[in-house]
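Trainee: Got a sequence here, can you model it:
(one chain, ligands or ions: 1)
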Amino acid sequence: MVALEDLQAADWRSLELVCARMFSMSGDEVELTSFGPDGGVDIICSRENFTFGVQCKRERQKISPTAVREFVGSLAAWDLKWGVFVTTGQFRREVYGEFGERDFLRLVDGGKLIEALRWFAPGDQEEITSDLFEDPLWDAPTCCNCGVKMVPAKIYERDEPYWECCNAHADPGCSVRMPGTAFEIHDRHREFFA
Ligand SMILES: [Zn+2]
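Mentor: Numbering: from 1, shown residues only. Predicted coordinates:
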């Protein structure tokens with residue numbers, strides 16, 4: 001059974017998929033927006049005549065009011081009246097002060113996210129989180145440009161591991177890189193591409 005720590009270790013795309021499946025299995029029509037770790041609105045959900053935007057933020061730290069304000073701005077830009085901000089972390093107290101009583105916005109922190117997940121039958125929970133267990137690269141980052149997984153590479157002169165896009169050596173190549181420290185590089189990530 002998936003734990004909050006697993007969701008915190010998952011990359012942004014895996015987390016988006018988990019959230020999208022949760023809404024989908026609750027009966028919503030879901031649409032993932034274009035790739036990008038911070039495009040504001042990650043998922044658009046529709047239920048009868050009710051449409052809302054969702055942002056999923058993989059975060060161990062506390063979410064600031066600025067991040068929530070930005071999301072509210074994105075909702076307006078997408079012409080959405082309602083929103084759900086999901087994080088694997090927590091919200092700072094000021095966020096509840098500013099947004100806690102607003103009808104158009106739901107704040108879901110890591111604790112509530114796990115609680116929501118537990119409402120599903122065990123088999124459904126497994127399906128919702130299937131990426132986290134079946135994909136050996138579930139906790140490897142996803143390229144914000146291409147939406148494909150990134151792979152460990154190394155700057156040999158300095159012996160510093162970093163992540164490069166699977167399309168780094170394609171033509172035309174993708175130049176998105178991420179420092180190794182941003183996501184822990186495990187041996188199984190290397191083995192997968194050996
Ligand atoms: Zn890429």
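Trainee: use CA for all of it now, contacts and neighbours both
Mentor: Noted.
Trainee: For C174, give me the pLDDT.
Mentor: C174 carries a pLDDT score of 94 in this model.
Trainee: repeat for the one 5 residues further on
Mentor: Listed pLDDT for P179 reads 85.
Trainee: Number of residues surrounding it?
Mentor: The tally of other residues near P179 (other Cα atoms under 10 Å) stands at 14.
Trainee: Quickly list the domain ranges of this protein.
Mentor: 4-134, 150-193 (automatic domain parsing).
Trainee: Just name the most buried of the ones you listed.
Mentor: Most buried of the domains of the chain, by mean neighbour count (mean count of other Cα atoms under 10 Å): domain 4-134, with a mean of 18.
Trainee: That one close to the ion?
Mentor: No. For domain 4-134, no contact with the ion is found by Cα under 5 Å from the ion; the gap never falls below 10.2 Å.
Trainee: Tell me how far that domain lies from the chain's centre.
Mentor: Mean C-alpha position of domain 4-134 versus that of the full chain (Cα atoms, centre = their mean, to the nearest Å) differs by 8 Å.
Trainee: same deal with stretch 154-161?
Mentor: Mean C-alpha position of stretch 154-161 versus that of the full chain (Cα atoms, centre = their mean) differs by 28 Å.
Trainee: Alpha carbons of it, in CSV - could you do that?
Mentor: Coordinates of the C-alpha atoms in stretch 154-161 are reproduced here as CSV (Å, rounded to 0.1, in the frame of the first residue of the first chain):
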residue,chain,number,x,y,z
LYS,A,154,27.3,12.2,-15.6
ILE,A,155,29.6,15.2,-16.0
TYR,A,156,32.7,13.1,-16.1
GLU,A,157,35.3,15.8,-15.5
ARG,A,158,33.6,16.7,-12.2
ASP,A,159,32.0,13.4,-11.5
GLU,A,160,28.7,15.0,-10.9
PRO,A,161,25.6,13.0,-11.7
